[in-house]
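Chemist: here is a sequence with its predicted model. Questions after.
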Amino acid sequence: MRKWKLSSVLFLGLCLLATTTFSQSKSQLKQKKARIQKELNKLNGLLGETRTNKRKSEIQLLILNKKIGARKDLISAIGNEVHYLDKEIQTQKELIDTLESKLEHLKVQYTKMVQFAYKNRNATNKLIFVFSADDFNQAYKRLKYIHEISEYREYQAEQIKLTQQNIQQKIHELEEKKAQKLNLKESKKIEFEKLQAEQGERKNVYEDLRKDEQKLRADIEKKRKESQKLQQAIRKIIEREIAEAKKRAEEEKKKGGIGLTPKAQKLSKDFALNKGKLPWPVTRGVISGKFGNQKHAVYEHLTTINNGIDILTNKGTKARSVFEGKVVAIIALPGGKKAVLIQHGEFFTMYSNLDKVFVKKGDNVDTQEDIASIITDENGKTEVHFEIWQGNEKQNPSYWISNN
């Protein structure tokens, strides 16, 4: 009886382990799906804002590309969830088969015990069985055996009842999993239809944009000149700040350094320690322009140089400082745009494509403090340009800001 109890415990333990493993995998997939859906909702909002103008824009193409990528990831995640459900269904079927086999074995044993009890139902027979023992010790063991047989029969009856209940529960769970699988397949079909629609929309936007290469070239040249002016202004300001820092702390400067005070050195160190953990310069958004040389989304033979990153966000969003520091310049740009340059020891962060600026030169700002509103252009695009400098060296902001 003890061996049978132990095997039952081991069997239930293996069932729980399999269920736990599957649950962990399903939980991870659900979290991934939730993240992707959140990203899609964000992109839908941004795309809606860029559709305020009937004329197609590059930013619409970029958002659609990101949506299509996210949609494919979502379809893949649903497919993986279906795969895990298939495994669960198979495991559930095996558990039911095992339980049914166990039930059949219990019934056979119980039948034998009932038959034995029926044959020995007479009290005289039991007494004869006990008193026919060779000695007192054997008689005691026979009496104990009769008592254990009675107990074990009751135990077997209870096990049969529990196993039958367990089978019914597992069958119910199996039906639920099958229903989940059907729902997921339907969801996957819907997402695939959305993907096809988005791919069709992307094709239309792409074809419309290709009709006017001359305008695109003009836009690229305009942005290039604006960026060039901004870079010259930034370098000039940074060089001025470096010179002033050297002058203020000549005795503390290091070879190749910029002569920082102890307070500025600590700020530089703290900024560097937060590499990969800095907050974004907006509360929410997607990266719409990467650092470095970029091929044009429509005309691959056209290239642009990005000295930072561009982040697309919602209308009305404010730019915010990614770290505590001091405002060293407010830069005026063509078209009424503005840029803000903040110093963090030997590091500088620059925020441009701004409208109304809330800070002034010389102000100290805190991490995540709002510094300006972001311009929304005629296409409904709200995009902030963000750069990080270490002295005169440009950094890739993507390596500095958080992945979340």
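Modeler: Yep, that arrived. Residues are numbered from 1 along each chain as shown.
Chemist: pull the contacting residues for residue 382.
Modeler: With contact taken as CB atoms under 8 Å, 6 or more residues apart in numbering, residue 382 is in contact with 49, 312, 313, 314, 315, 316, 317, 374, 375, 376. C-beta here means a position set from N, CA and C on the backbone, and glycine is covered the same way.
Chemist: beta partners for the last one?
Modeler: Beta-bridge pairing of residue 376, defined through DSSP bridges, involves residue 382.
Chemist: pLDDT-wise, which helix or strand of the chain ranks last?
Modeler: helix 123-131 (a mean of 54; mean pLDDT, DSSP states H and E).
Chemist: could you identify the helix or strand that succeeds that helix?
Modeler: Downstream of helix 123-131, the first helix or strand assigned by DSSP states H and E is helix 136-209.
Chemist: so for that next one, mean pLDDT?
Modeler: Mean pLDDT, computed over helix 136-209, is 78.
Chemist: which residues are in contact with the nearest residue to residue 185 once chain neighbours are set aside?
Modeler: Leaving aside its sequence neighbours, residue 185 sits nearest to residue 82 (CB to CB, 6 or more residues apart in numbering; 6.5 Å). Contacts for residue 82 (CB under 8 Å, 6+ apart) come out as 181, 184, 185, 188.
Chemist: 10 Å instead?
Modeler: Residue 82 is in contact with 29, 180, 181, 182, 184, 185, 187, 188, counting by CB atoms under 10 Å, 6 or more residues apart in numbering.
Chemist: for residue 242, the count of nearby residues, please.
Modeler: Using other CB atoms under 10 Å, residue 242 is surrounded by 17 other residues.
Chemist: oh, I was asking about residue 95
Modeler: Residues lying near residue 95 (other CB under 10 Å) number 20.
Chemist: now do the SS call for it.
Modeler: helix (DSSP: H, G, I helix; E, B strand; the rest coil).
Chemist: next, residue 342: phi, psi?
Modeler: phi -120, psi 140 (degrees, to the nearest 10).
Chemist: mind listing what it touches?
Modeler: Taking CB under 10 Å, 6+ apart, we find residue 342 in contact with 321-329, 348-351, 359, 363-365, 369, 371.
Chemist: related to what we said a few turns ago, out of the contacts of residue 82, what pair is the most spread apart?
Modeler: The most widely separated members of the contacts of residue 82, counting by CB to CB, are 29 and 182 (17.2 Å).
Chemist: the two: which has the busier surroundings?
Modeler: Counted by other CB under 10 Å, residue 29 and residue 182 do not tie: residue 29 has more neighbours, with 18 against 12.
Chemist: just the element for the nearest residue to that one once chain neighbours are set aside, please.
Modeler: Distances taken as CB to CB, 6+ apart put residue 81 closest to residue 29, at 4.8 Å, once the chain neighbours are dropped. Assigned by DSSP H and E, residue 81 falls within helix 58-119.
Chemist: before we move on, what about residue 348?
Modeler: With DSSP H and E as criterion, residue 348 is part of strand 347-357.
Chemist: given that strand, what are its sheet partners and their directions?
Modeler: strand 338-344 (antiparallel), strand 370-374 (antiparallel), strand 382-390 (antiparallel).
Chemist: angle of the longest one against helix 58-119?
Modeler: If I follow you right, that is strand 382-390. If you take axes from the mean of the first three to the mean of the last three CA atoms, to 10 degrees, strand 382-390 sits at 90 degrees to helix 58-119.
Chemist: so what does the next helix or strand after strand 382-390 touch, helix or strand wise?
Modeler: Downstream of strand 382-390, the first helix or strand assigned by DSSP H and E is strand 393-395. Contact here means 3 or more CB pairs under 10 Å, 6 or more residues apart in numbering; DSSP states H and E; on that basis strand 393-395 packs against helix 213-248, strand 347-357, strand 382-390.
Chemist: would you turn the ones you listed into a markdown table with mean pLDDT and distance to residue 159?
Modeler: Below are those laid out as a markdown table (pLDDT from 0 to 100; distance: least, CB to CB, whole Å):
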| stretch | mean pLDDT | distance to residue 159 |
| --- | --- | --- |
| helix 213-248 | 77 | 77 |
| strand 347-357 | 94 | 70 |
| strand 382-390 | 94 | 67 |
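Chemist: including distance to residue 108, could those go into a markdown table?
Modeler: As requested, the helices and strands packed on strand 393-395 are arranged in a markdown table below (distance: least, CB to CB, whole Å):
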| stretch | distance to residue 108 |
| --- | --- |
| helix 213-248 | 82 |
| strand 347-357 | 78 |
| strand 382-390 | 75 |
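Chemist: pick the most deeply packed of those.
Modeler: A comparison of the helices and strands packed on strand 393-395 by mean neighbour count, using mean count of other CB atoms under 10 Å, puts strand 382-390 on top with a mean of 24.
Chemist: how far away from the center of its chain is that one?
Modeler: In terms of CA atoms, centre = their mean, to the nearest Å, the centre of strand 382-390 is set 24 Å apart from its chain centre.
Chemist: repeat that for stretch 199-215.
Modeler: That offset, for stretch 199-215, works out to 32 Å (CA atoms, centre = their mean).
Chemist: which parts of that stretch are buried?
Modeler: Within stretch 199-215, the residues scored as buried using 16 or more other CB atoms under 10 Å are 201, 202, 205, 206, 209.
Chemist: quick check, nearest of the residues you listed to residue 68?
Modeler: Among the buried residues of stretch 199-215, and counting by CB to CB, the member closest to residue 68 is residue 202, at 6.5 Å.
Chemist: setting aside sequence neighbours, what's the nearest residue to the closest one?
Modeler: Nearest non-adjacent residue to residue 202, counting by CB to CB, 6+ apart: residue 64, 4.3 Å away.
Chemist: same question for residue 370.
Modeler: Leaving out its chain neighbours, the residue that sits closest to residue 370 by CB to CB, 6+ apart is residue 318, at 4.4 Å.
Chemist: for the one you found, what are its contacts?
Modeler: 281-283, 354-356, 358, 369-374, 384.
Chemist: now tabulate these in CSV and tack on distance to residue 227.
Modeler: Below are those laid out as CSV (distance: CB to CB, whole Å):
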residue, distance to residue 227
281, 17
282, 20
283, 25
354, 15
355, 18
356, 22
358, 24
369, 26
370, 25
371, 20
372, 18
373, 21
374, 17
384, 14
